[in-house]
Every structure is written in C-alpha cells, then in structure tokens.
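Peer 1: Pasted the sequence and its predicted model underneath.
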Amino acid sequence: MKYTIDKQDEYSVIRLHEEKMDSGIAPNLKSELITLHAEGIRNIILDLTEVKYTDSSGLSAMLVGNRVLQEDGGKFILACLSEHTSKLIKISQLDSVLKIVGSVDEAVDTIVA
C-alpha cells in the first residue's frame, strides 16, 4: 500500500497513493488506522483524491477507522471521494454513518472548529 501520513497536533491526514481501495489494500489500511489510534491519534482524515475505485473491502476499512476513532470520542473524516466511491457509500447507506467532506481543508476545519 502506497500512502503518506501528515501528522499535526490535532489530527493526521492519510493520503492513499493508490487507484484502487480493494482487498489488496484494505487489510493494510485497517491495521494502519488501528496503529495510529493506538499511538494516541484521535482524529484522522482519509484523503482519497487518488482513489478511483473502492470495493466492499475498502468500505470495511473505512468503517473500522470510523468505529475505532468514534469509540474514543475522535473523528474519522473522508475527503475528496471519487464519484464511484461516493456512489458505493450511498448505495450501501453508509452516507449517514461516515463523515464525508469535499476537501482536506474542509475536514481540517471540522476538526479544529
């Protein structure tokens, strides 16, 4: 899995550098989200600018991140979704569960506000 992490005081931004968030990526993403949470990071922004395709494994990884952070009072925010990923989340009726914003800046504003 290719990605970068930008750690700030109040949040971290994970940028996936992959076109597909599928079964080849999802297990690594889940463990990275859990590890970051274990390190004390309470707010994570997942930047999906480069992700064009997501399957059920990718959705599962997003839900794990959301659950782990919310249990601890933190925020898990998805930013810059492709049309495909956005449709998949809506079809799965997860748009009411997951926090989705249009840009990383918007996600940062949500956390620091």
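Peer 2: Sure, I can see it. Numbers count the residues shown, from 1 in each chain.

Peer 1: Which residues does the longest helix along the chain contact?
Peer 2: Ordering each helix of the chain by length in residues (DSSP state H) puts helix 56-71 first. Outside helix 56-71, the residues within contact range by C-beta atoms under 8 Å, 6 or more residues apart in numbering are 20-23, 25-27, 29-30, 33-34, 37, 42-44, 46, 51, 75-76, 78, 85, 88-89, 92, 94, 97-99. C-beta: built from backbone N, CA, C; applies to glycine.

Peer 1: Tell me the buried residues in that helix?
Peer 2: 57, 58, 59, 61, 62, 63, 64, 65, 66, 68, 69 (16 or more other C-beta atoms under 10 Å).

Peer 1: average model confidence for that helix?
Peer 2: For helix 56-71, mean pLDDT rounds to 96.

Peer 1: Past it, which element shows up next along the chain?
Peer 2: Using DSSP states H and E, the helix or strand that directly follows helix 56-71 along the chain is strand 75-79.

Peer 1: Can you tell me what sits against that next one?
Peer 2: 11, 33, 42-49, 62, 65-66, 68-70, 98-104, 106-107, 110-111.

Peer 1: from these, which would you call buried?
Peer 2: Buried, going by 16+ other C-beta under 10 Å: 11, 33, 42-48, 62, 65-66, 68-69, 98, 100-101, 104, 107, 110-111, out of the contacts of strand 75-79.

Peer 1: Need the three-state assignment for residue 105.
Peer 2: Using DSSP: H, G, I helix; E, B strand; the rest coil, the structure places residue 105 in helix.

Peer 1: Using neighbour counts, trim the contacts of helix 56-71 to the buried set.
Peer 2: 20-22, 25-26, 29-30, 33, 37, 42-44, 46, 51, 75-76, 78, 85, 88-89, 94, 98.

Peer 1: host element of residue 33?
Peer 2: Using DSSP H and E, residue 33 falls in helix 26-38.

Peer 1: Show me what the next helix or strand after that helix is packed against.
Peer 2: Per DSSP H and E, the first helix or strand lying C-terminal to helix 26-38 is strand 43-47. Helices and strands touching strand 43-47, by 3 or more C-beta pairs under 8 Å, 6 or more residues apart in numbering; DSSP states H and E, are strand 12-16, helix 26-38, helix 56-71, strand 75-79, helix 104-112.
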